[in-house]
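sequence first, predicted model second:
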Amino acid sequence: MEMRAVYAQTLNELMDVNPNVLCLEADLSKASGTNPAVARMHAENFINVGVAEANMVCIAAGLAREGKIPFCATFTCFAARRVYDQVTISVAYANNNVKIVGTAPGITAGPNGGTHMCFQDLAIMRAMPNMHVYSPCDAYELRSVIRHMAESKQPTYMQLVREKVGPVFGEDYRFAPGKAVVVREGRDVTVVSTGYMTSFAIEAAEELGAHGVRTEVLHCPSVKPFDVETLVESARKTHAVVTIETQNVIGGLGSAVCETLSEHCPTLTRRLGIPDRFGEVATADYLFNKHGFGVSHIVKACRQMMERKF
Amino acid sequence: MCEFKKEEFDRLAAEWRYIITDMICRAGSGHLGGALSLVEIVMTLYRRVMRIAPENPEWPQRDRLIVSKGHAGPVVYIALAHAGFFPANWLKTLNADGTRLPSHCDQSRTPGIDMTTGSLGQGLSCACGLALAGRMDGKKHRLFCIVGDGECQEGQIWEAAMFAGHHKLDNLVAITDYNQLQIDGFVKDINTLEPLVARWRAFGWEVFEINGHDWDDIYNGLNKGIAVTGKPAMIIAHTIKGKGCREIENKPESHNIKIADAAAYQKYMNALEVTDVTLPY
C-alpha cells in the first residue's frame, strides 16, 4: 500500500469517529492521496483551497482556534518553505493545533527536480518553538503517528513519503513522541536515521553485519522533541555515530545528533545526506551516488568511523 | 449592548484616544495612528454590535473579532478593559516586560483576543477558518475582521478574499480601515488599492462604504454587513490616521511614534481634543 493511501485511510478512520478532523488541500489532493479517498468518503471534512498554501495554513489556524483538527498537506517545498511565516505566526506562535503534512520529502520529489526538492524542512521546522517534527519510516509507523497527531493538541509538522515503502515495524507498533527506536542492536557503530532513509540504514546494517560489524540502527521518527537519552546510551556503547537523512546535512537530523552529543557525550560523528546542494531532476540512485548517502556509502562511512575511533 | 447617546460616545471616544496615546507614550513607542483611526469602529463593535461575555472570554456563542492589522492592539485593549475582560490597570503595562498586552494582538496572552495577528495578511485567512468552523458547527455567531489598507497590498488578503467569496461566508463581516496611509507614505503613491470597491465586489463580496468616524454610519454599515446573505461583506471605512491627535493626523509619521522624553510626551498629549481625562491606572 502506498504511504499516501495509508494517510488517506487513516484520516478516514479518524473522521469516522471524530467529525472535527479535517483534511485541507491546496490543489495537490491527488498527489497527497486524499482525493478521491477522503474527498468522497468525508466530503464535508474535505476542504480544497486551491493553489494558495499560505491561505490554507491560516484557514487551518482559524479552524483549529475553534477546536477543529486540520491536517494540511502539500509538497514539502510549499508546506515548509513557502509558508514558513504563516506556520510560524498563525500556527506555532499562536499555538493553534494545526497539522502540517509535507509530502514528497527530500529526494523523493525526483521527477519535479530542484524547484521541488526541499532539503531543509526538518531544519527549519525544528528551529520553530512549539512545533513537533516527525518523519515516519513505514506504513505502520505512519498510521500510528497520524493517530497520535489527531489526539495531541500540539502544532506538528510531519514528512510524508508518498510511495510504497517496505515494512520496518508490524501491526503492534506504537509511536511515542520524543522517543527513538532501536531497530537493530549493535555495539560497534551507531547509525541514526529518520523517515525515508531508515530502511536504507537497516540494509546497510545487515550488510555490515554479514562482515562482522555489529551496527546499531537508531530510528528517530520524532526529530523534535528529540530522544537524548537513547542516543547518548547508544553513543556511549559504540563511540562512533553516522547520521543519514534525505536532507541538507546542515540543520536537520545530523545537526540534532551533533548538538545532542556535543553537550552530553562528545562522540565522533559523520553526517550523510545532501552536502549543502540544491536538488535536480534525477533518480534516487543517481542522487545517492552523487551526494554519497546510499547504502554503500553508509557502509563505507561506518567502516571509516570504526577505524577512526581507535 | 449599550444604549447609544451621541454625547456620551463622543466623550468616551475622546477619553479612549487620550488613554491610548498615554499607553503608547508610556511604552516609549507604538502604533498610534492606526489605533486612533479605529476608535469609533472598535467602540461600536464592542458596545453596540458584538455579543460578548467578558467574564467568559471563550464563551462559544460570542461574536469574534480578528484584528488582522495586529498592530492596532492598543485600541482593542482599551475596548476589552472597558468591557471588563481584564482590569483597566493592565493598560499601563503595554509592551512592558512580561506584559499580557503586547503591541500586536496575541490570543495566548490577552483574554478576549480571538486570534494572534501581527504578520500582515494572515488575519483575514484565519477569519475565514473561524467562519468556516462556525458554519460547519451550525453556530449563529458572527465574525468580524479588521484589515488595514496597506495590509491589502499583501497577496494573501486576496487569497482569503477569493476563498470567502467562493464559499459564500456570509457570517463574515470585514472592515477595511481605509486611512490612506501606510508606513512609507500614502497608499495611492506606493501601490494603490483602487478601485477598491470594485475589487472586493469582483471577489464576490457585498461592499459598503462608510465614514469610519460617524457613529450612525458605522452602526448602520455593520448591521447592513451582518444582514447580507449568500456572500461575505466588506465595509470600507474611510478614516483619518491619527484621528484626534493634531500632531499626527493624516501624517505618515503617525504609524509608529517614538517618545524620547517628557517634552515629546506633552507634545502628543497636548495635541488631543480632550485633555481632562482621569487615567484608569
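Thanks, I have it.

count of neighbours near A:Val38?
When neighbours are counted by other C-beta atoms under 10 Å in any protein chain shown, A:Val38 registers 26. All C-beta spots, glycine's among them, are computed from the backbone N, C-alpha and C.

check A:Met1 too.
Neighbour tally, A:Met1, other C-beta under 10 Å: 9.

pretty sure it is touching A:Tyr140, no?
No - counting by C-beta atoms under 8 Å, A:Tyr140 is not a contact partner of A:Met1; they are 10.7 Å apart.

any idea how far A:Met117 is from the closest residue to chain B within chain A?
Chain A approaches chain B most closely through A:Gly62 (2.1 Å), counting by C-beta to the nearest C-beta. Plainly put, A:Gly62 is 31 Å away from A:Met117 if you go by C-beta to C-beta, to the nearest Å.

out of these two, which sits in the busier spot?
A:Gly62 (33 against 26).

which strands or helices does the one helix or strand the more buried one maps to pack on?
Under the criterion of DSSP states H and E, A:Gly62 resides in helix A:53-65. Applying 3 or more C-beta pairs under 8 Å, 6 or more residues apart in numbering or on different chains; DSSP states H and E, we find helix A:53-65 packed against strand A:21-25, strand A:69-75, helix A:84-86, helix B:123-136, helix B:155-166.

contact partners of the shortest one?
Put plainly, it is helix A:84-86. A:Glu53, A:Ala54, A:Val57, A:Cys58, A:Ala61, A:Ile124, B:Ser119, B:Gln122, B:Ser125, B:Gln156 (C-beta atoms under 8 Å, 6 or more residues apart in numbering or on different chains).

what residues of it count as buried?
Along helix A:84-86, these residues count as buried under the neighbour rule (16 or more other C-beta atoms under 10 Å in any protein chain shown): A:Tyr84, A:Gln86.

can you give me the end-to-end span of stretch A:67-81?
Using C-alpha to C-alpha, to the nearest Å, the end-to-end distance of stretch A:67-81 comes to 26 Å.

how far is that stretch from where the chain is centred?
Here stretch A:67-81 is found 13 Å from its chain centre; the criterion is C-alpha atoms, centre = their mean, to the nearest Å.

tell me if that stretch is near chain B.
Yes - under the criterion of C-beta under 8 Å from any C-beta of the partner chain, chain B is reached by stretch A:67-81 at A:Gly67, A:Lys68, A:Pro70.

and residue 180, how many neighbours?
Going with chain A. Neighbours of A:Ala180 using other C-beta under 10 Å come to 23.

wait, chain B
Counted with other C-beta under 10 Å, B:Gln180 comes out at 19.

what residues does it make contact with?
For B:Gln180, the contacting residues are B:Asp149, B:Phe186, B:Val187, B:Lys188, B:Lys241, B:Asn250, by C-beta under 8 Å, 6+ apart.

where's it relative to B:Leu196, distance?
Going from B:Gln180 to B:Leu196 by C-beta to C-beta gives 11 Å.

which strands or helices does the helix or strand encompassing B:Gly225 pack on?
Per DSSP H and E: B:Gly225 is located in helix B:215-227. Counting by 3+ C-beta pairs under 8 Å, 6+ apart, the packing neighbours recorded for helix B:215-227 are helix B:39-44, strand B:172-178, strand B:206-211, strand B:233-238.
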